[in-house]
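1. Kindly return the folded structure for what I paste below:
(chains A, B, C and D)
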Protein chains: 2
Amino acid sequence: MISNATRSLSVTDHLRESILSGGLPAGTKLQEVRLSEELGVSRTPIRAALQTLSAAGLLDYAPNRGYVVREFPISELVDAYEIRGALEGLAARFTAERGLGDNQRLVIGQSLTKGRDILTASDLMNDHVLAIIGETNASFHDTIMEASLNRLLSQMAQMSFQIPRVSNRNIIAFSLDELRQRHDEHYLIYEALLARSATKAETLMRDHVASIKFAAVRALRETR
Amino acid sequence: MISNATRSLSVTDHLRESILSGGLPAGTKLQEVRLSEELGVSRTPIRAALQTLSAAGLLDYAPNRGYVVREFPISELVDAYEIRGALEGLAARFTAERGLGDNQRLVIGQSLTKGRDILTASDLMNDHVLAIIGETNASFHDTIMEASLNRLLSQMAQMSFQIPRVSNRNIIAFSLDELRQRHDEHYLIYEALLARSATKAETLMRDHVASIKFAAVRALRETR
DNA sequence: CAATTTGAAAATGTATACAAAATTAATTGA
DNA sequence: TCAATTAATTTTGTATACATTTTCAAATTG
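-> Just a heads-up that it's a prediction; the model follows:
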């Protein structure tokens, strides 16, 4: 399978995870020999990982001076949701224009059913519900992005996720009622996609992401 | 200066240019030893460049199988302008909300004056006019992107430019009259930014990029 | 003759040695 | 004592050797 995501799998992923989780806070200097000793590999794969993460925007780089975990201002974190809204809105529009594939329609349909079932059955929030909802949610958004048939868009959307503390479920704390609202929005978007209503799909998706943003911002304020 | 753009400067830039200009068409296998011989450096900087360009989305990569110049469908090329419109629209909104810095206001003001002067003085298109307009145009868009104070956004916008045959001036053939229209749009956007009208600035910018898209698509059809 | 296996060639992945630059420590001078 | 210069150390940049994987062609087998 051809892709540009797979690489020095373990090293790159390990460092990325450390940065996104906050284990390597902003300003941390990432030195090659030190990392190579810690991770038990030579400098070569370390360098590859640093270059990849720098290109992904997680590290600052200066020639002959190395890599530093970059700062992520709160403002930028909020902006990331605006960007996501714009990009996913475009993805919804493209998908409506181009139409869902049979398999994609099936995947989204199933994830919606699964989400509805768990949301009607449960009266309270727990890890099980959150896991299912997180899964179906990711499936919904990923499938639409994929159906947009635009690699640039997919790549950018992925980038907008790779910001510390915005990794999907970590911070966002929805109430059960809010989850039901988000589910309903998913359903409306799905209908717009099936009806090939491009503008409607885009608008609904933008508003949907905006709703998610509000919850994320609220959760962020509560945390601090 | 800290950035993540500067790197194996020459090699990366050389390969990128070759890809964007079409010198290395889609499907071309980029082999490390071959490139290292051609460019007169070892495999190490070649690998760094390939990894960077892969992360930038210009190359496909498969582990143990190397890098290939990826395909850029026409549809994606058109979509790139939609994405640019959304991103630059957001940049305009953020900039209106946050306000232009003194220097940024000056830069844009001067580029607008310069553009107006050349567009009123000239009766016909020539390389000189095109060069000036291209310069002032880039200055306008870059400054707004910079003023948005969002690195993620800037990074994505830059990516949306790095697609073969969409490198700004190459294909786009405006008439003098159209250039004047684009200039007027620039001016209206500038006014909206000064007035801190966020929504207006975003809408105007989106429409402006859409106008550019139309010309690009038209030029593309004429070329083929 | 077609399909599979096998082996040589070539390509990528990793480790390491050396070069160049930057950082830090030490020395010198007033 | 403090500033500037110099030396030593550390760190990144590059080249190259070796390991592993893939590729491709020749040979074997049915």
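2. List the contacts of residue A:202.
-> Shown in contact with residue A:202 (Cβ atoms under 8 Å, 6 or more residues apart in numbering or on different chains): A:89-90, A:92-93, A:96. In this view, the C-beta of every residue, glycine as well, is placed from N, C-alpha and C.
3. mind running it again at 10 Å?
-> A:86, A:88-97, A:189, A:192, B:86 (Cβ atoms under 10 Å, 6 or more residues apart in numbering or on different chains).
4. List only buried entries from those.
-> A:86, A:88-96, A:189, A:192, B:86 (16 or more other Cβ atoms under 10 Å in any protein chain shown).
5. May I see those organised as a markdown table, with pLDDT and secondary structure added?
-> Output for the buried ones among the contacts of residue A:202, formatted as a markdown table (pLDDT from 0 to 100; DSSP: H, G, I helix; E, B strand; the rest coil):
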| residue | pLDDT | secondary structure |
| --- | --- | --- |
| A:86 | 97 | helix |
| A:88 | 98 | helix |
| A:89 | 98 | helix |
| A:90 | 98 | helix |
| A:91 | 98 | helix |
| A:92 | 98 | helix |
| A:93 | 98 | helix |
| A:94 | 97 | helix |
| A:95 | 98 | helix |
| A:96 | 98 | helix |
| A:189 | 98 | helix |
| A:192 | 98 | helix |
| B:86 | 97 | helix |
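6. can you redo these as JSON lines with distance to residue B:30?
-> Converted to JSON lines, the buried ones among the contacts of residue A:202 look like this (distance: Cβ to Cβ, whole Å):
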{"residue": "A:86", "distance to residue B:30": "33"}
{"residue": "A:88", "distance to residue B:30": "32"}
{"residue": "A:89", "distance to residue B:30": "35"}
{"residue": "A:90", "distance to residue B:30": "30"}
{"residue": "A:91", "distance to residue B:30": "30"}
{"residue": "A:92", "distance to residue B:30": "35"}
{"residue": "A:93", "distance to residue B:30": "34"}
{"residue": "A:94", "distance to residue B:30": "29"}
{"residue": "A:95", "distance to residue B:30": "32"}
{"residue": "A:96", "distance to residue B:30": "36"}
{"residue": "A:189", "distance to residue B:30": "40"}
{"residue": "A:192", "distance to residue B:30": "42"}
{"residue": "B:86", "distance to residue B:30": "31"}
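7. What is the nearest of the residues you listed to DNA strand C?
-> The closest of the buried ones among the contacts of residue A:202 to DNA strand C turns out to be residue A:91 (Cβ to the nearest atom of the strand; 30.0 Å).
8. Quick check: the closest one touching residue A:153?
-> Yes: because the distance of 5.7 Å satisfies Cβ atoms under 10 Å, residue A:91 is recorded as touching residue A:153.
9. joint contacts of those two?
-> Joint contacts of residue A:91 and residue A:153 (Cβ under 10 Å, 6+ apart) are residue A:145.
10. so does the one helix or strand residue A:186 maps to get close to chain B?
-> Residue A:186 belongs to helix A:176-194 when assigned by DSSP states H and E. No: using Cβ under 10 Å from any Cβ of the partner chain, helix A:176-194 stays clear of chain B, coming no nearer than 17.1 Å.
11. cool, stretch A:65-82 as well?
-> Yes: applying Cβ under 10 Å from any Cβ, one finds stretch A:65-82 in contact with chain B at A:65, A:67-68, A:70-73, A:75-80, A:82.
12. Could you dump these into CSV with neighbour count added?
-> What follows is the residues of stretch A:65-82 next to chain B, written out as CSV (neighbours: other Cβ atoms under 10 Å in any protein chain shown):
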residue, neighbour count
A:65, 10
A:67, 25
A:68, 17
A:70, 20
A:71, 12
A:72, 19
A:73, 12
A:75, 12
A:76, 17
A:77, 18
A:78, 15
A:79, 23
A:80, 22
A:82, 19
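13. Where does the record place the domain boundaries for chain A?
-> Chain A breaks down into these domains under automatic domain parsing: A:9-69, A:74-223.
14. looking at the ones you listed, which has the lowest confidence?
-> With a mean of 91, domain A:74-223 has the lowest mean pLDDT of the domains of chain A.
15. Neighbours of residue A:140, how many?
-> Neighbours of residue A:140 under the rule other Cβ atoms under 10 Å in any protein chain shown: 22.
16. Okay, the nearest residue to residue A:55 once chain neighbours are set aside and residue A:53: tell me how far apart.
-> In this structure, residue A:55 finds its nearest non-sequential neighbour in residue B:55, 3.4 Å apart by Cβ to Cβ, 6 or more residues apart in numbering or on different chains. Residue B:55 sits 9 Å away from residue A:53, going by Cβ to Cβ, to the nearest Å.
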